[in-house]
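Asker: one predicted model, sequence on top.
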Amino acid sequence: MNPNLCNTCDSRFVNTMKTRQITRPATILFADVRDYTPLSQTTGSQEMATLLSGFYDLCATAVWERDGIINKMIGDAIFAVFNFPITREDHIECAVDAGMEILEKCKEMKITSGLSEQVEVGIGVGIHTGDVSVGDIGSLCKDFTVIGEVVNMSSRLQGVAKPGELALSEAIYEKVNNVYPGIEPQAFDLKGIDRPVTAYILAADQRVTSGRQNG
């Protein structure tokens, strides 16, 4: 969670909101370490743990600085939410800024693999926005999380992003095309989605100074 927040949204959500689930607009970001399984087969467990720790820290800083939360750390990936519980009109732009910062900072991450060979660590990012369901899932085994089509689409977009790329949905790109103009749409067949999905691919070196403030 964001260290600037109390634990209300995690441990006292139902008491505060008077319901187990709420629906609200949010932007979802998934970031994933590429080729994690092959790397883990040729790299010591301690070095892999150090890699993931560094990855989590870089992601957390980029997300927290823009009032998002990291809802889940899923092995070699993170799942971040913007516009809950801190609301911002520019939550879409915040998520894209965070994604580009993650790509930029992670370019410096390397790990020793095999016979002391230094291997660059690639990161892929996917972002989508829309209405999501936020709250507690389960009773005996309870989890505070965000669910819905937006979450699934963000995860699938992350899957098509190559190392060093950010895959944006049409709804996201409409909000940032003035900062990243001229990106051509591409059609992707995504697992579990019965129609081609249009996405816009940004590379880490396309990040520009937009003059926006994080605070």
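Answerer: Structure received. Numbering: from 1, shown residues only.

Asker: so which strand or helix has residue 99?
Answerer: Counting by DSSP states H and E, the element that carries residue 99 is helix 91-106.

Asker: show me what that helix is packed up against.
Answerer: strand 21-33, helix 45-64, strand 77-82, strand 123-137, strand 165-169, helix 170-176 (3 or more CB pairs under 8 Å, 6 or more residues apart in numbering; DSSP states H and E). In short, each C-beta sits where N, CA and C put it, glycine included.

Asker: CA atoms of that helix as CSV?
Answerer: Provided in CSV are the C-alpha atoms of helix 91-106 (Å, rounded to 0.1, in the frame of the first residue of the first chain):
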residue,chain,number,x,y,z
HIS,A,91,-5.3,9.3,-12.7
ILE,A,92,-4.8,8.1,-16.3
GLU,A,93,-1.9,10.4,-16.9
CYS,A,94,-0.4,9.4,-13.5
ALA,A,95,-0.5,5.8,-14.4
VAL,A,96,1.2,6.4,-17.8
ASP,A,97,3.9,8.6,-16.1
ALA,A,98,4.5,5.8,-13.5
GLY,A,99,4.7,3.1,-16.2
MET,A,100,7.3,5.1,-18.2
GLU,A,101,9.3,5.8,-15.1
ILE,A,102,9.3,2.1,-14.2
LEU,A,103,10.6,1.3,-17.7
GLU,A,104,13.2,4.0,-17.6
LYS,A,105,14.6,3.1,-14.1
CYS,A,106,14.6,-0.6,-14.8
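
Asker: now that helix and helix 45-64, what's the angle there?
Answerer: 150 degrees (axes from the mean of the first three to the mean of the last three CA atoms, to 10 degrees).

Asker: now do the SS call for residue 108.
Answerer: Three-state assignment for residue 108 (DSSP: H, G, I helix; E, B strand; the rest coil): coil.

Asker: can you give me the neighbour number for the residue lying closest to residue 56 once chain neighbours are set aside?
Answerer: Distance criterion CB to CB, 6 or more residues apart in numbering; nearest residue to residue 56, sequence neighbours excluded, is residue 73 at 5.9 Å. For residue 73, the neighbour count with other CB atoms under 10 Å is 14.

Asker: any stretches of the chain with poor pLDDT?
Answerer: Residues of the chain meeting the criterion pLDDT under 70: 1-20, 110-120, 139-140, 142, 207-215.

Asker: go again using 90 as the cut-off
Answerer: 1-22, 34-55, 72, 74-76, 84-86, 104-122, 134-146, 191-194, 204-215 (pLDDT under 90).

Asker: ok, the closest residue to residue 186 other than its chain neighbours to residue 166 distance?
Answerer: Of all residues not flanking residue 186 in the chain, residue 199 sits nearest, at 5.8 Å (CB to CB, 6+ apart). Residue 199 is 10 Å from residue 166, where distance means CB to CB, to the nearest Å.

Asker: understood, closing this out.
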